[in-house]
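**Student:** Take this sequence and fold it.
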Amino acid sequence: QIAHQKALFASQLNTQLMESKLQTLKMQINPHFLFNTLNVISVLVMKSEKEQATEMINRLSTFFRNSLDDKDQQWIPLRKELHHVEQYLAIEQVRFGDKINIVKHYEDETMSILVPAMLLQPLIENAMQHGLEEKEERGQLTISSTIKNEKLVITITDDGVGCKFDDINFKEGIGLTNVKLRLRQLYGSQFEFSLSNNKYGGVTVLIKLATNIEGSR
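**Tutor:** Reported below is the predicted structural model:
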């Protein structure tokens, strides 16, 4: 009976991972993201900036290819998860230019810690699309990782337009809901996840994860 329950639980986790990867891929190829990226490439070609255009095409290709890599892995090193996110941000950085500043504070000892695959991508996309894109002035996205009280702490902060979390019409997107569900299944009660508006604008995502979870070591 116990063995059967474990097998069922493992199957459910794999299903959630596949759904997460599929949903992430859908977000990545949605008309909004693809149109803007291809438009940047088109402009670069028209300006005869072939090297930059080629670089953008390669980044886009690598980005999608990595989305499907390690499809059976539930856990990956934080270093690899951040690398994938940074490929997305590199594309967005070309599109926005000086309008968006990206700041990274990663502590070395966090890089090898295993985290759920595709954990950060939906959160980064939310910050870009719903926070910074709608801001008229120059914006900043800050990503940090550290260890406090034997827990991995990841924060994603933007200074965009913020979000009306207390609005009765506020509704979480599929990506955010999926992230929270997977964390609950993988960590049980040994994690914290919160979204909050910053005092001077924008949103902060705070994630605290136990580092002693079975399967993540």
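**Student:** make it CA atoms for all contacts and neighbour counts henceforth
**Tutor:** OK.
**Student:** ok, residue 127 - how many residues close by?
**Tutor:** Residue 127 is flanked by 24 other residues according to other C-alpha atoms under 10 Å.
**Student:** Partner strands of the strand ranked longest in the chain, with direction?
**Tutor:** Using DSSP state E, we find that the single longest strand of the chain is strand 139-148. Take DSSP bridges as the rule and strand 139-148 pairs in its sheet with strand 100-106 (parallel), strand 151-158 (antiparallel).
**Student:** ok, and the closest non-adjacent residue to the residue positioned nearest the centre of the chain?
**Tutor:** What sits nearest the mean C-alpha location of the chain, by C-alpha atoms, centre = their mean, is residue 121, with 1.8 Å. Using C-alpha to C-alpha, 6 or more residues apart in numbering and skipping residues adjacent in sequence, the residue nearest residue 121 is residue 85, 5.8 Å away.
**Student:** what helices or strands is the strand or helix carrying that neighbour leaning on?
**Tutor:** Take DSSP states H and E as the rule and residue 85 turns out to sit in helix 78-96. Where contact means 3 or more C-alpha pairs under 8 Å, 6 or more residues apart in numbering; DSSP states H and E, helix 78-96 is packed against helix 31-46, helix 50-67, strand 114-116, helix 121-126.
**Student:** returning to that earlier point: quick check, the residue nearest to the centre of the chain in contact with residue 87.
**Tutor:** No: using C-alpha atoms under 8 Å, residue 121 is not in contact with residue 87; the gap is 10.4 Å.
**Student:** and the residue lying closest to residue 87 once chain neighbours are set aside, what is it in contact with?
**Tutor:** Once flanking residues are discounted, residue 87 sits nearest to residue 63: 6.1 Å by C-alpha to C-alpha, 6+ apart. Neighbour list for residue 63: 84, 87-88 [criterion: C-alpha atoms under 8 Å, 6 or more residues apart in numbering].
**Student:** By average pLDDT, which secondary structure element in the chain comes out worst?
**Tutor:** Using mean pLDDT, DSSP states H and E, the weakest-scoring helix or strand in the chain turns out to be helix 2-28, at a mean of 63.
**Student:** and the residue nearest to residue 87, what pLDDT?
**Tutor:** We have a pLDDT of 78 for residue 63.
**Student:** ok, it to residue 34 distance?
**Tutor:** 12 Å (C-alpha to C-alpha, to the nearest Å).
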